[in-house]
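In: Have a look; sequence and predicted model below, questions after that.
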Amino acid sequence: MHIPFRLNLTLGLALVSLVILGAVFAPLLTSHDPILDADLMNSEMPPSWDHWFGTDSQGRDVFSRVLHGARVSLTIGIVAQAINSTIGIALGLSAGYWGGWWDDVVNGLTNLMLAIPSLVFALAIMAVLGPGVMSLLIALGLTNWSWSCRITRSAVMSLKSQGYVQAARTLGYGDIRIMLTQLLPNIVGPVLVMATLGIGEAVLAEAALSFLGLGIRPPAPSWGNMLTDAREAIRSVPWATIFPGLAVFITVLGFNLLGDGVRDWLDPRMQVRA
């Protein structure tokens with residue numbers, strides 16, 4: 001059953017806005033420090049008025065850690081996807097416009113990247129660089145640019161023979177100027193959709209790497225390492241895993257719905273159907 005694009009767009013925007021607002025106003029929404037406020041006397045407390053999401057095995061407030069973990073996940077997701085999009089757009093623009101041997105090189109590199117699971121590649125990079133924020137940004141920023149490159153290249157190849165591009169050449173525009181001023185503005189739509197979907201993928205990848213111990217180092221709050229800390233007590237302290245897991249689910253779902261909604265919104269055929 002087809003879901004109206006306005007519903008996708010509205011629901012996705014609402015979920016993403018909820019996560020962003022929680023991350024931005026985390027210090028105002030909770031009075032507990034996510035790292036320093038550890039109280040072993042109140043460890044593994046169930047959700048209550050004082051601790052909305054309960055406490056973990058070290059007595060830290062789970063609600064505070066989830067909100068501050070959102071800051072980490074969103075920052076890494078957005079920055080990593082910005083790196084991915086920059087690489088993919090640059091390679092796709094140049095390969096689609098210039099063609100020839102450079103197109104063959106970029107195509108071969110893209111096919112190689114698509115043949116290697118991005119999470120496996122990120123794991124290999126993290127194993128070499130070690131855990132940390134910069135390592136995460138490098139690993140996630142270099143492993144998921146291939147689809148952006150492929151979509152950009154296809155769009156450029158269909159546009160470079162258009163009249164306005166030929167007119168720009170006649171006016172003496174150089175190749176770089178044509179790509180940046182004539183072609184790039186006309187492929188913003190699909191690139192924006194890929195970037196939105198990519199943020200959700202990057203958030204999920206960060207959580208997976210942190211869960212495996214290769215991401216954000218404890219005691220800094222991260223949804224992934226929160227799940228790692230709580231996995232041994234999942235039966236006795238289920239809230240310590242449920243709420244970080246829900247945060248990952250809501251964030252990824254929100255960006256996926258937002259990406260689908262933006263894609264349908266930019267499609268004239270969907271506008272007619274709506």
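Out: Looks like it came in fine. Numbering: from 1, shown residues only.

In: Quick one: residues contacting the residue most central in space within the chain.
Out: By C-alpha atoms, centre = their mean, the chain has its centre lying nearest to Ile199, at 1.7 Å. For Ile199, the contacting residues are Gly77, Ile78, Gln81, Phe255, by C-beta atoms under 8 Å, 6 or more residues apart in numbering. C-beta: built from backbone N, CA, C; applies to glycine.

In: With Met157 instead?
Out: Neighbour list for Met157: Gly96, Gly99 [criterion: C-beta under 8 Å, 6+ apart].

In: Which of the three states applies to it?
Out: helix (DSSP: H, G, I helix; E, B strand; the rest coil).

In: How about the residue in the chain that sits furthest from its center?
Out: The chain, farthest from centre, C-alpha atoms, centre = their mean: Thr170 at 40.4 Å.

In: Pull up the gap between that residue and Tyr97, please.
Out: According to C-beta to C-beta, to the nearest Å, Thr170 and Tyr97 sit 16 Å apart.

In: swap in Ser43?
Out: Distance, Ser43 to Tyr97, using C-beta to C-beta: 60 Å.

In: residues of the helix or strand in which Ala205 is found that come out buried?
Out: Secondary structure from DSSP states H and E places Ala205 in helix 188-211. Using 16 or more other C-beta atoms under 10 Å as the test for burial, helix 188-211 gives 190-191, 193-211.

In: What is the nearest of the contacts of Ile199 to Pro244?
Out: Nearest to Pro244 among the contacts of Ile199: Gly77, at 15.3 Å, using C-beta to C-beta.

In: For the closest one, give me the pLDDT.
Out: Looking at Gly77, its pLDDT is 90.

In: Show the contacting residues for it.
Out: By C-beta under 8 Å, 6+ apart, the neighbours of Gly77 are Ile199, Gly200, Ala202, Val203, Glu206.

In: Closest one of those residues to Glu232?
Out: Set against Glu232, the nearest of the contacts of Gly77 by C-beta to C-beta is Glu206 (21.8 Å).

In: give the contact list for the closest one.
Out: Applying C-beta under 8 Å, 6+ apart, the residues near Glu206 are Val72, Ser73, Ile76, Gly77, Ala80, Leu136, Leu140, Gly215, Ile216, Ser222, Gly224.

In: give me the element the fourth one is part of.
Out: With elements delineated by DSSP H and E, Gly77 resides in helix 62-98, which encompasses its position.

In: tally of neighbours for Gly59?
Out: Neighbours of Gly59 under the rule other C-beta atoms under 10 Å: 17.

In: these two touch, right, it and Ser43?
Out: Yes - counting by C-beta atoms under 8 Å, Gly59 touches Ser43, with 4.1 Å between them.

In: who's in contact with Ile151?
Out: So Ile151 contacts Gly88, Gly92, Ile187, Pro190, Val191, Met194 (C-beta under 8 Å, 6+ apart).

In: Toward the C-terminus from the helix holding Gly77, list the very next helix or strand.
Out: helix 100-115.

In: Buried residues, that next one. List them.
Out: Asp103, Val106, Thr110, Met113.

In: JSON lines for the residues you listed, including pLDDT and distance to Leu67?
Out: Formatted as JSON lines, the buried residues of helix 100-115 follow (pLDDT from 0 to 100; distance: C-beta to C-beta, whole Å):
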{"residue": "Asp103", "pLDDT": "92", "distance to Leu67": "46"}
{"residue": "Val106", "pLDDT": "94", "distance to Leu67": "41"}
{"residue": "Thr110", "pLDDT": "93", "distance to Leu67": "38"}
{"residue": "Met113", "pLDDT": "90", "distance to Leu67": "35"}
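
In: would you list the residues you listed in TSV and tack on distance to Pro131?
Out: As requested, the buried residues of helix 100-115 are arranged in TSV below (distance: C-beta to C-beta, whole Å):
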residue	distance to Pro131
Asp103	37
Val106	32
Thr110	29
Met113	23
